[in-house]
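S.K.: sharing a model that was predicted from the sequence below.
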Amino acid sequence: MMMNLFSSFDPSTNFTFSLNWLSTMIGLLIIPLSFWLIPSRLHMIWLKIIITLHKEFKILIGYNKTQGSTLIFISLFSFILFNNFLGLFPYIFTSTSHMVLTLTLALPLWLSFILYGWFNHTIHMFAHLVPQGTPPILMPFMVCIETISNIIRPGTLAVRLSANMIAGHLLMTLLGNTGPMLNMMMINFLIITQILLLILESAVSIIQSYVFAILSTLYSSEVN
């Protein structure tokens, strides 16, 4: 019996050791199996996605920057995408719906970008605090606003991903709990609604992993 509605998202099991967080690694175990058959359809599709992401990230980072830097963000996209999709399966813990994982991904990335920018491009980072064309009287306020917006970036990245993942799962849980109280006609309507929500959640899983990766790329491009 759940004490409250959100307890369904707690990372705990009936065992002495919590096995829920192991779902984070299942995707990493699945990936090598697809390379036994090359070129398989799955491999070709995934290769097409990686090449498309590489081109987009390269435009944002810049063609003259460090070679291979897009691989960091492609790996980040792949890792979040696998975990988002695994959470849609029954009885599999959605690790990306917890701030523990999302902050672990966002905070080191943001901190490394900030430290690299301030140590290597100090004047450039100071120039970013005051947008071009700002009136002199507004400059102190713009510095405060830009500083706050820079500080809250890892928090917004983490909250955006976890909130979007938990919202859809919560809605599906709420609708699913009403099943035993409905008649046959309403149950059919509920099943159709749940299928549509599942399709929506699949799209959200792709979009949120892309948004996380693309925003991380934009933050890294600002410090160069």
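M.R.: Right, received. Where do you want to start? Numbering: from 1, shown residues only.

S.K.: what's the pLDDT at residue 200?
M.R.: Here the pLDDT value assigned to residue 200 is 91.

S.K.: what helix or strand is it on?
M.R.: helix 184-222 (DSSP states H and E).

S.K.: quick one: low-confidence ranges for the chain?
M.R.: 1-19, 30-38, 63-67, 224 (pLDDT under 70).

S.K.: ranges for the helices of it?
M.R.: Along the chain, counting by DSSP state H, helices occupy 23-30, 41-61, 70-86, 99-120, 122-128, 139-151, 153-177, 184-222.

S.K.: out of those helices, indicate the one that is most buried.
M.R.: Across the helices of the chain, the average number of neighbours (mean count of other Cβ atoms under 10 Å) peaks for helix 70-86, which reaches a mean of 20. To be clear about C-beta, it is placed using only N, CA and C from the backbone, and glycine gets the same treatment.

S.K.: format the helices of the chain as TSV; extra columns: distance to residue 92.
M.R.: Compiled in TSV, the helices of the chain are given as follows (distance: least, Cβ to Cβ, whole Å):
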stretch	distance to residue 92
helix 23-30	5
helix 41-61	20
helix 70-86	5
helix 99-120	14
helix 122-128	41
helix 139-151	34
helix 153-177	11
helix 184-222	13
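
S.K.: what's the closest of those helices to residue 93?
M.R.: Among those, helix 23-30 comes nearest to residue 93, with 4.8 Å by Cβ to Cβ.

S.K.: hmm, who's touching the closest one?
M.R.: Identification of contacts with helix 23-30 by Cβ atoms under 8 Å, 6 or more residues apart in numbering yields 78, 79, 82, 83, 86, 87, 92, 93, 94, 95, 101.

S.K.: now stretch 50-60
M.R.: Stretch 50-60 is contacted from outside by 70, 73, 74, 77, 213, 214, 217, 218, 221, using Cβ under 8 Å, 6+ apart.

S.K.: close enough to count as contact, the third one and residue 216?
M.R.: Going back to what we said before, that points to residue 74. No: contact between residue 74 and residue 216 fails when scored by Cβ atoms under 8 Å: they sit 11.0 Å apart.

S.K.: any idea how far the residue nearest to residue 219 when sequence neighbours are not counted lies from residue 102?
M.R.: Ranked by Cβ to Cβ, 6 or more residues apart in numbering and with sequence neighbours excluded, the top spatial neighbour of residue 219 is residue 113, at 5.5 Å. Distance, residue 113 to residue 102, using Cβ to Cβ, to the nearest Å: 17 Å.

S.K.: one step back: tell me what the helix holding residue 200 is packed against?
M.R.: Using 3 or more Cβ pairs under 8 Å, 6 or more residues apart in numbering; DSSP states H and E as the contact criterion, the elements in contact with helix 184-222 are helix 41-61, helix 70-86, helix 99-120, helix 153-177.

S.K.: just the CA atoms of stretch 169-176, as PDB, please.
M.R.: Only the C-alpha atoms of stretch 169-176 are listed here, as PDB (Å, rounded to 0.1, in the frame of the first residue of the first chain):
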ATOM      1  CA  HIS A 169       4.300   8.800 -15.500                       C
ATOM      2  CA  LEU A 170       2.200  10.400 -12.800                       C
ATOM      3  CA  LEU A 171      -0.700  11.100 -15.200                       C
ATOM      4  CA  MET A 172      -0.600   7.500 -16.400                       C
ATOM      5  CA  THR A 173      -0.500   6.200 -12.900                       C
ATOM      6  CA  LEU A 174      -3.500   8.400 -11.900                       C
ATOM      7  CA  LEU A 175      -5.600   7.200 -14.900                       C
ATOM      8  CA  GLY A 176      -4.500   3.600 -14.400                       C
END
